[in-house]
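Undergrad: show me the folded form of this:
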Amino acid sequence: MPNFIDTARITVRSGNGGNGAVAFHREKYVAAGGPDGGDGGQGGDVILKTDRHLSTLMDFRYKRKYVAENGQDGQGKRCTGKDGADLIIKVPVGTVVKDGETGEIICDMSGDEPFVLARGGKGGWGNQHFATPTRQVPRFAKAGLPGVTREVVLELKLLADVGLVGFPNVGKSTLLSVVSKANPKIANYHFTTLYPNLGVVYVEEGTSFVMADIPGIIEGASEGAGLGHDFLRHIDRCRLLIHVVDVSGCEGRDPVEDFETINRELAEYSPQLASRPMIVAANKTDIAFDRTLVDKLKAHVEAKGMTFYEISAAAQKGVRDLVYAAAWALQDLPPITVYEPTFVERPPQVDMSQPLEITHEDDLWIVEGPWLQRLMSNVNFGDYESRNWFDKMLRESGLFQRLEEMGIEDGDTVSMYNLEFEYQR
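TA: Okay, here's the model as predicted:
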């Protein structure tokens, strides 16, 4: 079994923010030094980064959980806790990251830019932040916010300009080996190619393209038959398809029927893929014992408006013309597809039945609780609609009514972890 893995499901968790410290300045000859508890450190992020030396998702086969480092707690003397180290996860170029629950695209790792998959929790404030003229000895600090846990699916879609499609044993691997420096396994039996191969085709000075050879497709591939179904995703990005058809007649097959069967499988898998520009390469013409098979396929293909080439990959006949035709066609085609994100962060499902803990210190009201901590770690306070949703959740929980029953006044400060605001009825 080859060590080619192109899908993986993993769980990532960013680091928790460190807790703020409760401490007071103690120094000889300095009276009433005051609070000097430091803030907690920021939790580490989980960051995805592409590595061009990786070609499969093999590393994720055995390790499924990735956790960034927590931020350290704050200390006295206004010392902020150390930030947790970011966790960098390296993936092959072309990895599409999807939400494990909805299947929506979070990001497409097709470039060199890193992507923050899960942000670390913010560190809590130390008691140095809560000193006021009327509150000179605050004996409290804030806890850090928890990190984010996310389950994602990694799906590798090779970055290739041209994809070779066709039945098993029609000569796709031979063609790739002839036009590039790739060294795929070549043998005279079906399913020699067990996993995709890539090769760079150099046409002339300044002109080249990447070609992908995937395992042969058979009838029923779109429904899961054979190996081709597992790897059809690797031609999703291809701008051009070269349909290789065996016209030798050695296996008693009808080239036209084979051609139509593969096209049906492509359409069943993805109508968009089936509509891609296609060049048809009639292979093994050097050993074709019945010329009528070649002519029949040529007439059928050209009637559909497709370009037709007669080649022999093994004998390297007609191959350069095919390569030049592919390079010429690519000049007028849009660049390789990069998938746009479709994932939308959804509000967390929060059980608000557990009462929150409220501490009253002069004109300061400190509100804490597990569900509030989780809620705040999922809110973007820089977004107006997110803030409105957060306010709505607090009202529905009965928090504001409870604060008013406890005697909160307009202008008092409400403190919730890394958020403070003036209360207004």
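Undergrad: moving C-terminal of the strand or helix carrying residue 12, what's the next helix or strand?
TA: For residue 12, the element it lies in under DSSP states H and E is strand 7-13. Scanning the chain past strand 7-13 towards its C-terminal end, the next helix or strand to appear is strand 46-50 (assignment: DSSP H and E).
Undergrad: just want the angle from that following strand to strand 7-13.
TA: Here strand 46-50 runs at 140 degrees with respect to strand 7-13, directions being taken by axes from the mean of the first three to the mean of the last three CA atoms, to 10 degrees.
Undergrad: going forward, begin numbering at 11 instead of 1
TA: Yep, numbering from 11; the last one is strand 56-60 now.
Undergrad: what lines up beside strand 56-60 in the sheet?
TA: Strand 56-60 has the following sheet partners, assigned by DSSP bridges: strand 97-101 (parallel), strand 125-128 (antiparallel).
Undergrad: for the last one, buried residues please.
TA: Which is strand 125-128. Applying a neighbour-count criterion of 16 or more other CB atoms under 10 Å, one finds 125, 127, 128 buried in strand 125-128. In short, each C-beta sits where N, CA and C put it, glycine included.
Undergrad: other residues contacting the helix or strand that that strand is followed by?
TA: Read in the C-terminal direction, the helix or strand following strand 125-128 is strand 159-166, with elements assigned using DSSP H and E. Strand 159-166 is contacted by residues 16-23, 56, 66-67, 70, 101-102, 104-111, 113, 116, 127-128, 243-244 when judged by CB atoms under 8 Å, 6 or more residues apart in numbering.
Undergrad: contacts for stretch 133-141?
TA: Residues from elsewhere that reach stretch 133-141 (CB under 8 Å, 6+ apart): 27-33, 44-53, 81, 84, 88, 90-91, 93, 148-155, 371, 374, 425, 427-428.
Undergrad: 7 Å - rerun?
TA: By CB atoms under 7 Å, 6 or more residues apart in numbering, the surrounding residues in contact with stretch 133-141 are 27-32, 44-52, 81, 84, 88, 91, 148-154, 374, 427.
Undergrad: narrow the residues you listed to those that are buried.
TA: Among the contacts of stretch 133-141, those classed as buried by 16+ other CB under 10 Å are 27-32, 45-52, 81, 84, 88, 91, 148, 150-154, 374, 427.
Undergrad: can I see the domain layout of this protein?
TA: Following the TED database, the chain resolves into domains at 11-167, 172-342, 359-434.
Undergrad: dump these to TSV, plus distance to residue 348.
TA: Conversion of the domains of the chain to TSV gives the following (distance: least, CB to CB, whole Å):
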stretch	distance to residue 348
domain 11-167	5
domain 172-342	8
domain 359-434	25
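Undergrad: for residue 350, which of the ones you listed is the nearest?
TA: Across those, residue 350 has its closest neighbour in domain 11-167 (7.2 Å, CB to CB).
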